[in-house]
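Structure, please.
(2 chains)
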Number of protein chains: 2
Amino acid sequence: MDSENKENAPLSKKALKKQQKEAEKAAKKAERAAQQAAEAEAAEGEDYSKDRYGNTAMIQSRDKPDRVLVKIRTLTASEANKKIWVRARLHTSRAKGKQCFVVLRQQHFNIQGLIAVNDKISKAMVRFASNITKESIVDVEGVVSTVPQKIESCTQQDVELQIEQIFVISQAEPRLPLQIDDAARADDDESQGPMVNQDTRLDNRILDLRTATNQAIFRLEGGVVQLFREALMKRDFVEVHTPKIISAASEGGANVFEVTYFKTSAYLAQSPQLYKQMAICSDFDRVFTIGAVFRAEDSNTHRHLTEFVGLDLEMAFNYHYHEALEVIGAMFNDIFRGLRDRYQTEIETVNRQYPAEPFKFLEPPLMLNYPEAVKMLRENGVEMGDEDDLTTPAEKLLGRLVKAKYDTDFFILDKFPMAVRPFYTMPDPEDPKQSNSYDIFMRGEEIMSGAQRIHDPKLLIERALHHELDLEKIKSYIDSFRYGAPPHAGGGIGLERVTMLYLGLDNIRKVSLFPRDPKRLTP
Amino acid sequence: MDSENKENAPLSKKALKKQQKEAEKAAKKAERAAQQAAEAEAAEGEDYSKDRYGNTAMIQSRDKPDRVLVKIRTLTASEANKKIWVRARLHTSRAKGKQCFVVLRQQHFNIQGLIAVNDKISKAMVRFASNITKESIVDVEGVVSTVPQKIESCTQQDVELQIEQIFVISQAEPRLPLQIDDAARADDDESQGPMVNQDTRLDNRILDLRTATNQAIFRLEGGVVQLFREALMKRDFVEVHTPKIISAASEGGANVFEVTYFKTSAYLAQSPQLYKQMAICSDFDRVFTIGAVFRAEDSNTHRHLTEFVGLDLEMAFNYHYHEALEVIGAMFNDIFRGLRDRYQTEIETVNRQYPAEPFKFLEPPLMLNYPEAVKMLRENGVEMGDEDDLTTPAEKLLGRLVKAKYDTDFFILDKFPMAVRPFYTMPDPEDPKQSNSYDIFMRGEEIMSGAQRIHDPKLLIERALHHELDLEKIKSYIDSFRYGAPPHAGGGIGLERVTMLYLGLDNIRKVSLFPRDPKRLTP
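Reported below is the predicted structural model:
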């Protein structure tokens, strides 16, 4: 909607000049190349293959040719002897006397192709093929042929393509800022070629994302979101959308990004929590929302982003917040089962580059109480008070201890101390130092925080005053509970953390398409 | 993830004092009320019903009672004579001699309840029930009973509940800022009671959202998103998430919100378009993304929001952008068929408050070319040049003309003039004044804009220079096409517009849970 009618800032004269100069230079270079090619061709006489290869004009939707393009993943021995067209990237090409071997790639599938001089294929055509720049997109016609020996380096191991026509659809520049094969190796495997460090990857993300591993990671991440939705929709949750731009009223001042909003200021929401609670007060009963969440924390760690995708849910319950916690636990198990059953190929692909133990979980999930965790930690040398929060190293250690004792990478930690939870957390009725709140862990890292919320405005005000909050700023939030509010609980999940930890990856930037951190705003 | 551990701004001393004063006042009031109740009870002697009603303590998850709460929508004649528990809002109560009629509400379902003095139910209990404030949440035990005459005012018309116990779970304040029944009437129907104007509704959104109409609108809107995803996932699209915080680099300067980003500045993305194109260049082939989109336009109209939900898609195609346009058309028809088949109840509920003609669409969708539209408009008195954009009134007129001629509320308008489209739009190969771009309309209003994008960096630079853009700022965007880029097309849909126009509503604020416009940042 209107999304493409944007005004744009005018160009400075100096920049304009520079750009024109560059354009002229590029044009001259192209002209020279064309001339050389023409000369070469003239020297060889008429090329009998000349209609079988070349650079095609930019596809501008001029024609609708009646040509079927097949997918590489469908090319197996059962397709042998068929002549097919395929569009793919030229992953590599290697000339060898009168023939040229190419690898054609589509996402994480690839196949070997062969162009050999014969009565249809001229020397010039083989030369053309061997000079196509890596990562160019080509349309290729060829015959599917079985091979005597498995091609170990390709996903299609039983067949190759005997190429009869090859046209470049979109040419890649000859110098790539990173090589796909280098990016596809494990971070610490330098024996096979140069490593690609994280900043190079992220600076050239559109190339980095072409590796089989990245294709698999983001397909699996899409699966996490889909499984989250399926699990909640079958349990009668309604999907809602909450505002990201908020007035000062509903959030505290720290770690929040400020936005210029016409003549006033606004902020970017640190979580949709207040809004999903308001949706519960509006009788939606069970809601979830998926969207960007913003944290202006200057945290440069392996697990913090300034913008991430929040998977948030909130539900009214009848008498006990464990009703909600049971739904949350069952939902996570639905997700883990779904990933295991639907994304095995993706998991294996990622594991080849980044080996990890399979993710283990229990049915139903393990639930521990905070005092039990403190006890386990103390028995293992951690010094901490009953009401202290878990430090990051303590979380990791707890994860290892739980894994050793219960053989699970997933557990729920219930009954956090009141002292370390936000003002809207419902106190435990039996022990006011404890609260009806929980964190959830995967491989020893927190991926979700949640609680029963206070639904009584009087107690909410009391707790807000205890936390020395400015009641004026949270007025509309508190007022939401004045007109009848059901008891409710919920929580917020970080999508990227779930993906990272499920796959056993070591950095959250690996699972964010275009990550944002305090030092990275591009691309 | 960490979502609930926020630092908060300290409270000023003055505000603190005021708050404490208010808290004291409230406490005194509560004390007086308790005293009065005690006196009344004492005056009547022992109440034989006293265990059958009352205000329960705040539900703090102390117990897990073994009580089943049923849903009102399941209460029909087939449940007659069963004794059940239900939790609901007290929609209304009306005392009449020794009995009290109540209406109990759950979302858009409601049932009549009766509390009459008998050997179990005392006068005091009936009085208690008749004094429960509207919108309070109650737990009620009662016997489902068939009624001799249909109860027209309730959704459960064949039965009522003979109440034997009633407990208030969460008490609403006695003075509601708006009455649900008033909010549930059509905007222009003043004969039955006061109207509730839009600002009052939005200021008290958590009450406004409780109407049957709003419950239906947002359930249907959730359906639009789900149907969009289903339609695309079955066509092999991958769901991705794109950053909302962007550097200055990829967008123009107008209509964009500025964000303070640590020691520098950033902007809120006006669309995910550049990122979904980059995902295509990264070999994801077909992608969609759902998320907040921001427009800093000072447009105070019925159809503009400063923050809305964008349903965006982008796909590589083989030879002609109509391949993408066919997918888009089929996707919309999937959505319309899905809404018609799965959301009939919701549509009827909304129509009762806001009557509208059923939404009409054709299989396959109607596709017109821009010159045809210009001709139709000119024949009906509109003066416009071949390369002029459509004005809003012209769009509306065109919608009426198309409806009259083709009997459809949905159509695709292809081949917009190059002059009115953004720089990255692919020109028509036959006529450089036309472009391979399209808008899509529902009931004469634009809900989607899209195009074949230029995938050739040389042409992209040429067009950017023609538009006098600063190439430096769009460098990473242009560079995305340097390493082989497939031809691709896509578009962006405004979720709220689709919902509004499908239902024939008159204002986009009706379909946004907590709308944002230049004048509204709360709640």
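
Name the single longest strand found in chain A.
strand A:83-96 (DSSP state E).

quick one: buried residues of it?
For strand A:83-96, burial by neighbour count (16 or more other Cβ atoms under 10 Å in any protein chain shown) applies to A:84, A:85, A:86, A:87, A:88, A:89, A:90, A:91, A:92, A:93. Just so you know, the C-beta spots here come from the backbone N, C-alpha and C atoms, and that holds for glycine as well.

out of the residues you listed, who's nearest residue B:460?
residue A:89 (20.0 Å; Cβ to Cβ).

one step back: out of the buried residues of strand A:83-96, which touch chain B?
Intersecting these with the contacts of chain B gives A:87, A:89 (criterion: Cβ under 8 Å from any Cβ of the partner chain).

Residue ranges in chain A under the pLDDT threshold?
For chain A, applying pLDDT under 70 flags the ranges A:1-27, A:29-45, A:187-190, A:249-253.

how far away is residue A:357 from residue A:409?
8 Å (Cβ to Cβ, to the nearest Å).

Can you pick out the residue with more neighbours from those two?
residue A:409 (22 against 10; other Cβ atoms under 10 Å in any protein chain shown).

if I pick the more buried one, what's in contact with it?
Counting by Cβ atoms under 8 Å, 6 or more residues apart in numbering or on different chains, residue A:409 touches A:359, A:360, A:361, A:399, A:403, A:442, A:443, A:501.

Which among those residues count as buried?
Among the contacts of residue A:409, those classed as buried by 16+ other Cβ under 10 Å are A:359, A:361, A:399, A:403, A:442, A:443, A:501.

Among these, which are located in strands?
residue A:442.

any chance of the buried ones among the contacts of residue A:409 in a markdown table, with distance to residue B:312 too?
As requested, the buried ones among the contacts of residue A:409 are exported to a markdown table (distance: Cβ to Cβ, whole Å):
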| residue | distance to residue B:312 |
| --- | --- |
| A:359 | 31 |
| A:361 | 34 |
| A:399 | 37 |
| A:403 | 40 |
| A:442 | 30 |
| A:443 | 33 |
| A:501 | 28 |
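
From the buried ones among the contacts of residue A:409, list the ones also adjacent to chain B.
Restricting the buried ones among the contacts of residue A:409 to those near chain B - Cβ under 8 Å from any Cβ - leaves none.

Out of the buried ones among the contacts of residue A:409, list just those in helices.
A:399, A:403, A:501 (DSSP state H).

Relative to chain B, which of the residues you listed is nearest.
Using Cβ to the nearest Cβ, residue A:501 comes nearest to chain B of these, at 10.9 Å.

dump the residue contacts of the closest residue to the closest one other than its chain neighbours.
Nearest non-adjacent residue to residue A:501, counting by Cβ to Cβ, 6 or more residues apart in numbering or on different chains: residue A:442, 3.9 Å away. By Cβ under 8 Å, 6+ apart, residue A:442 lies in contact with A:359, A:409, A:410, A:497, A:498, A:501, A:502.

Show me which residues of the stretch 301-450 of chain A are close to chain B?
Within reach of chain B by Cβ under 8 Å from any Cβ, the stretch 301-450 of chain A has these residues: A:306-310, A:312, A:318-322, A:420-430, A:436-437, A:446-450.
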